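Asks: got a structure for you, letters missing:
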């Protein structure tokens, strides 16, 4: 019950923003970017920093950063899978349990060997695709359905 109420609160807050649909959509899509990278809980702060640099809506960027945080393990696996499609390396990861997080972080930070190049390539591709899709979806929602969605959420 508490989680549902919190989600509703943030959605109402998002749809009440006075910013233009472009500002809100850019904020959400830019705020979602750190979710594809290993930020170790600092994703929402990076989202706000990116939003300040890009001069987009900070609240929507923060919400974008918080939305994807619980899905980090899935995004982690997707980065490897997508990177494996573009880099001709055999995929060593088949399931989430196969991932050694400490080893991957050391490889990613330390060098471009092993699976880190695959991870970075996948993350880059996923960032571009997800940013475009999130922007498009949020922009259309805000442009067309902002008032009706807000009225439904108030009930």
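Replies: Noted; the coordinates are in hand. Computed from a predicted model, the values in this text were never measured in an experiment.
Asks: nearest residue to the middle of this protein?
Replies: residue 32 (2.7 Å; C-alpha atoms, centre = their mean).
Asks: give me every residue that touches that residue.
Replies: Contacts for residue 32 (C-beta atoms under 8 Å, 6 or more residues apart in numbering) come out as 47, 64, 65, 67, 68, 130, 131, 134. Any C-beta I mention is one placed from the backbone N, CA and C, and that applies to glycine too.
Asks: Throw those into CSV and include distance to residue 14 and pLDDT, thanks.
Replies: Output for the contacts of residue 32, formatted as CSV (distance: C-beta to C-beta, whole Å; pLDDT from 0 to 100):
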residue, distance to residue 14, pLDDT
47, 14, 94
64, 10, 91
65, 13, 91
67, 10, 88
68, 15, 87
130, 18, 96
131, 17, 96
134, 13, 96
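Asks: if I look at the residue nearest to the centre of the chain, how far off is residue 139?
Replies: 14 Å (C-beta to C-beta, to the nearest Å).
Asks: please identify the buried residues of stretch 57-75?
Replies: Residues of stretch 57-75 classed as buried: 57-68, 72, 75 (neighbour count, 16 or more other C-beta atoms under 10 Å).
Asks: which one's the longest helix in this structure?
Replies: helix 116-154 (DSSP state H).
Asks: check which helices and strands that helix sits against.
Replies: helix 2-15, helix 21-32, helix 72-86, helix 101-110 (3 or more C-beta pairs under 8 Å, 6 or more residues apart in numbering; DSSP states H and E).
Asks: which of those helices comes out lowest on mean pLDDT?
Replies: Here the lowest mean pLDDT among those goes to helix 101-110, at a mean of 57.
Asks: what about the nearest residue in space to residue 12 that is not next to it in sequence, neighbour count?
Replies: What sits nearest to residue 12 in space, not counting adjacent residues and going by C-beta to C-beta, 6 or more residues apart in numbering, is residue 153, at 5.1 Å. For residue 153, the neighbour count with other C-beta atoms under 10 Å is 15.
Asks: fine by me, thanks again.
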